[in-house]
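[1] this is a predicted model, with the sequence first.
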2 protein chains.
Amino acid sequence: MIYSIGAFSKVTGLSIDTLRYYDKEELICPNRDGNNRRTYTDSDKTWVAFILKLKETAMPIKQIKRYAKLRYLGDETVEERLEMLYDHRIFMLDLKKKLDENIDHLNDKIAAFEGKLNKKCNKIKC
Amino acid sequence: MIYSIGAFSKVTGLSIDTLRYYDKEELICPNRDGNNRRTYTDSDKTWVAFILKLKETAMPIKQIKRYAKLRYLGDETVEERLEMLYDHRIFMLDLKKKLDENIDHLNDKIAAFEGKLNKKCNKIKC
DNA sequence: ATTTGACATGGAGTACACTCCAGCAACTAT
DNA sequence: ATAGTTGCTGGAGTGTACTCCATGTCAAAT
């Protein structure tokens, strides 16, 4: 299956401008047809899904770009990419730890507020 | 305990420029001394710690600002702030879900890569 | 034949969250 | 008294990740 930029925009949810921006940044490198128009494949679709996952966990474009470069270089770069993924896993586990702590903190905060509200309610007899 | 902007910058780890920016944005509103210099208190320290937690979980400045406004208005705004915290908790739990999914996905990806590497190793007999 | 529509490019503009700088005031140490 | 340090303001500049725009090409529809 081959997609024009408009069709690909629809299936990925990325805007046409964003796709062109990603092309310029060499994040997603589509082929071109006889009229110099970008042609995207299903393999690009898989790749976009992965990029979006990396982005969801705050991997900056530059780093994704580095990964993309390695990916386009082929199988010889598997080790290097694996290293990147190991690093990213550490980053994500750290993020998860922080997030869990923050959720705990938020729960404490909410409990404190609820206590405060109850006292207030008692005072005004409701 | 009262802190000058420089001292407060050191205890919070926020740069002097950031503190002035947060003041301008009405996120942290320090008092001023006779020479119009900002004076921060220990209560501001607690507040900064909370702001940093909100920021760590991607709450945008504008939203923190709204919270700050309510906070400076005093106890009558507790209900409203509690609402914001409830919303933020939902946001954070959602973030956590996404993050957990992404970690799972990353683990799968890593496992796939490791399999690929092993095959390669077998091919070249190492 | 011309209009329409999707696509192309280069470059400007935007939002966010800072970060830096020029120019000035006031206290502090020598 | 002069230099140094710390602080003040307003405004400009930075990096990231888009987003928008003017202008132009090409194939298909009318």
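    Everything's here; your move. Residues are numbered from 1 along each chain as shown, chains lettered A, B, ... in the order given.
[2] the strands in chain A, which residues?
    A:2-3, A:31-32, A:38-41 (DSSP state E).
[3] so what secondary structure elements neighbour the second one?
    By that I understand strand A:31-32. strand A:38-41 (3 or more Cβ pairs under 8 Å, 6 or more residues apart in numbering or on different chains; DSSP states H and E). Backbone N, C-alpha and C define where each C-beta goes, glycine included.
[4] quick one: average pLDDT of stretch A:33-44?
    For stretch A:33-44, mean pLDDT rounds to 97.
[5] how about that stretch, does it reach DNA strand D?
    Yes. With Cβ under 7 Å from any atom of the strand as the criterion, DNA strand D is reached by stretch A:33-44 at A:34-35.
[6] tell me the centre residue of chain A?
    residue A:55 (1.9 Å; Cα atoms, centre = their mean).
[7] just give the nearest non-adjacent residue to that one, would you?
    Closest residue to residue A:55 apart from its sequence neighbours, by Cβ to Cβ, 6 or more residues apart in numbering or on different chains: residue A:64 at 7.1 Å.
[8] give me the pLDDT value at the one you found.
    On the pLDDT scale, residue A:64 gets 95.
[9] of the strands of chain A, which stretch is the most buried?
    Of all the strands of chain A, strand A:38-41 has the most neighbours on average by mean count of other Cβ atoms under 10 Å in any protein chain shown, namely a mean of 18.
[10] list the contacts of that strand.
    A:1-5, A:7-8, A:19-20, A:23, A:28, A:30-33 (Cβ atoms under 8 Å, 6 or more residues apart in numbering or on different chains).
[11] ok, now with 6 Å
    Strand A:38-41 is contacted by residues A:2-3, A:5, A:8, A:30-31, A:33 when judged by Cβ atoms under 6 Å, 6 or more residues apart in numbering or on different chains.
[12] that older thread, from residue A:82, how far out is the residue nearest to the centre of chain A?
    As judged by Cβ to Cβ, to the nearest Å, residue A:55 and residue A:82 stand 20 Å apart.
[13] now distance to residue A:104 too, for the strands of chain A, in CSV please.
    Below are the strands of chain A laid out as CSV (distance: least, Cβ to Cβ, whole Å):
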stretch, distance to residue A:104
strand A:2-3, 44
strand A:31-32, 49
strand A:38-41, 43
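[14] out of those strands, nearest to DNA strand C?
    strand A:38-41 (3.3 Å; Cβ to the nearest atom of the strand).
[15] report the angle between the axes of the least confident helix or strand in chain A by mean pLDDT and helix B:78-123?
    Of all helical and strand segments in chain A, the minimum by mean pLDDT, DSSP states H and E falls on helix A:78-123, at a mean of 89. Orientation note: helix A:78-123 sits at an angle of 160 degrees relative to helix B:78-123 (axes from the mean of the first three to the mean of the last three Cα atoms, to 10 degrees).
[16] in stretch A:29-37, what's buried?
    residue A:30 (16 or more other Cβ atoms under 10 Å in any protein chain shown).
[17] among the contacts of strand A:38-41, which two are most distant?
    Of all pairs drawn from these, the greatest distance, 13.1 Å, lies between A:8 and A:33 (Cβ to Cβ).
[18] any figure for the gap between the residue in chain A that DNA strand D sits nearest to and DNA strand C?
    Relative to DNA strand D, the nearest point of chain A is residue A:61 (3.0 Å; Cβ to the nearest atom of the strand). Distance, residue A:61 to DNA strand C, by Cβ to the nearest atom of the strand, to the nearest Å: 13 Å.
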